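> how would this look folded up:
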Amino acid sequence: METFDAVIVGSGQAAGPLATALATAGWKVLLAEKEHVGGTCINEGCTPTKTMIASGRAAYMANRAAEYGVLTKDVRIDMATVRRRKRDIVDSFRTGSQARIERTPGVELVAGSASFIGPKALAIELRGGGRREVTAPVVVIDTGTRPRPLEVSGAQDVQVLSSTSVMELDVVPEHLVVVGGGYVGVEFAQLFRRLGSQVTLIQHGQQLLPKEDADIAAAVLEIFTEDGIEVLTETKLAGVKSDPRGIAVTVSSNGAERTIAASHILEAAGRLPNTEELDLAAAGLQPDTRGFIPVNDRLETAVEGIFAVGDVNGGPAFTHISYDDFRILRANLLEDGAASTTGRLVPYTVFMDPELGRVGLTESQARREGRAIRVAKMPMTHVARALETDESRGLIKAVIDARTDQILGFAMLGIGGGEIMSLVEVAMMGKLPYTALREAVFAHPTVAESLNNLFANVEP
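Reported below is the predicted structural model:
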């Protein structure tokens, strides 16, 4: 049994920085990775999807060029080039991350699959053969999640794409059916529509993006309808089967069934935690009913000294939250700090076009909590910069505490939505009243100056 100061299982966006930070502080660290360094973000999530979305936007703008007085020839999509560009960027990010870990003295990066054989002891089945047994007073689990398989009649008889495999296509699907109207489904639906696919999106719930306010979701639906994406809400996937034309997809809505002739189908309705192979019971741990590892506000599991970070703990599944998990552990392990997840803001951006950036409470959340609020809302057609660039779809919305005038939440579906949301988040972190943004001098003509008008029209 080899002894380390810390053993980290999985190399997601919390694990790599944590391993190097602990080693720099003099710890002896082992980092075990089953597949590839960087986790979901670099390999199957943020990096490849946003790379491909950039290709989709280029196609969209090329097709709109005549609206700006720019005449182009027919736009064609070379999926092999789109895929190669995506692969090159992923490889660059992955090798860069791995190099940073490997050149840090005190960190040993091991390729293999780890599982517990005791409370703080693990066996690592090495990728090249062989086995190592290791122990440490601090164990960190950062094994992430994977796409949920499609569980419907006939799924085993057809090729079902996941959010990972869909990015390896070398052709543009003729008709792509997307199952799931959350963040992943929305991004891929618009991407492939822009690349030239006919797209049908199936959403079981009443609206797209179910965690958003109804008015935001309605605006997203309006954009998708304008883009030519068929959205079926309150619709259940009843079954799939092979068809001479591709895949026959049967859906049910309000008791009526309909069959859609698809060339490809994408499951985008959730992810599963990578915990089955860990043998958590041997460590004295019990996953929740969904398979995630429960943690407290310091990211510690039910066993002292064992931590779970990133997506595997069931918290917000965003790269920046995983990285903040690293900051919390760094502070608590190295600085004897009292860092916790309590009260942290959770910003995010849905990289549809225009972007949806959001932070803090939605209006519906604030009302459910019984808060006294005021709401400010403005369409993007009132934003000069959006009109000048002919990118005026969407809206801006803020939720304000009626007693303190502080901003409780902000959402922007519009050009630069993620960037403007980040600006507002800084104001929220500084506890500025909304009036500070109402009276701020922003450069003209920028999207940021829309905040002047938004906060000048707060409802009574």
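
> stretch 96-115: which residues count as buried?
In terms of neighbour count (16 or more other C-beta atoms under 10 Å), stretch 96-115 has its buried residues at 97-98, 101, 104, 106-110, 112-115. Yep, even glycine has a C-beta here, placed from its N, CA and C like the rest.

> cool, and stretch 147-158?
Neighbour-count burial for stretch 147-158 [16+ other C-beta under 10 Å]: 147, 148, 150, 152, 154, 155, 158.

> equivalent analysis for stretch 166-176, please.
166, 167, 169, 172, 173, 175, 176.

> equivalent analysis for stretch 140-149, please.
Buried, per 16+ other C-beta under 10 Å, within stretch 140-149: 140, 141, 142, 143, 144, 145, 146, 147, 148.

> tabulate these (CSV), appending secondary structure.
Output for the buried residues of stretch 140-149, formatted as CSV (DSSP: H, G, I helix; E, B strand; the rest coil):
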residue, secondary structure
140, strand
141, strand
142, coil
143, coil
144, coil
145, strand
146, strand
147, strand
148, coil
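
> okay, strands next: where are they in the stretch 301-450 of the chain?
In the stretch 301-450 of the chain, the segments counted as strands under DSSP state E, counting those that start in this stretch are 306-308, 348-350, 356-360, 373-379, 395-401, 407-413.

> distance to residue 77 and mean pLDDT for those strands - can I get that in TSV?
Putting the strands of the stretch 301-450 of the chain into TSV (distance: least, C-beta to C-beta, whole Å; pLDDT from 0 to 100) gives the following:
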stretch	distance to residue 77	mean pLDDT
strand 306-308	41	98
strand 348-350	23	98
strand 356-360	25	98
strand 373-379	32	98
strand 395-401	31	98
strand 407-413	26	98
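
> and those strands: which comes nearest residue 283?
Between residue 283 and the strands of the stretch 301-450 of the chain, the shortest separation by C-beta to C-beta is 6.3 Å, and it involves strand 306-308.

> residue 342 touches residue 299, doesn't it?
No. Using C-beta atoms under 8 Å, residue 342 is not in contact with residue 299; the gap is 11.4 Å.

> the two: which is more packed in?
Neighbour count, other C-beta atoms under 10 Å: between residue 342 and residue 299, residue 299 has more, with 24 against 8.

> so the more buried one is in contact with residue 310, correct?
No. The criterion here is C-beta under 8 Å, and residue 299 misses it with residue 310 at 9.6 Å.

> mutual contacts of the two, please.
residue 325 (C-beta atoms under 8 Å, 6 or more residues apart in numbering).

> pLDDT score assigned to residue 270?
With respect to pLDDT, residue 270 has a value of 90.

> how much space between it and residue 176?
Distance of residue 270 to residue 176, computed by C-beta to C-beta, to the nearest Å: 18 Å.

> which ones are touching residue 116?
Contacts of residue 116 (C-beta under 8 Å, 6+ apart): 122, 278, 279, 280, 281, 282, 283, 285.

> what do you get for residue 371?
361, 401, 408.

> now the helices for the protein?
Counting by DSSP state H, the chain has these helices, from start to end: 15-24, 39-43, 46-63, 79-102, 183-195, 214-227, 319-334, 363-368, 384-388, 417-429, 434-439, 450-455.

> looking at these, which is nearest to residue 257?
Evaluated over the helices of the chain, closeness to residue 257 peaks at helix 183-195, with 21.5 Å, by C-beta to C-beta.

> so what's the gap between the closest one and the chain middle?
On the basis of C-alpha atoms, centre = their mean, to the nearest Å, helix 183-195 sits 14 Å off its chain's mean C-alpha point.

> export stretch 297-307 as CSV, just CAs?
Extracted C-alpha coordinates of stretch 297-307, given in CSV (Å, rounded to 0.1, in the frame of the first residue of the first chain):
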residue,chain,number,x,y,z
ASP,A,297,-21.2,23.1,2.3
ARG,A,298,-17.5,22.5,2.5
LEU,A,299,-17.7,19.7,-0.1
GLU,A,300,-17.0,17.0,2.4
THR,A,301,-18.8,13.7,2.2
ALA,A,302,-20.2,11.7,5.2
VAL,A,303,-16.7,10.4,5.7
GLU,A,304,-14.2,12.9,7.2
GLY,A,305,-11.4,13.6,4.8
ILE,A,306,-13.2,12.4,1.7
PHE,A,307,-14.5,15.2,-0.6
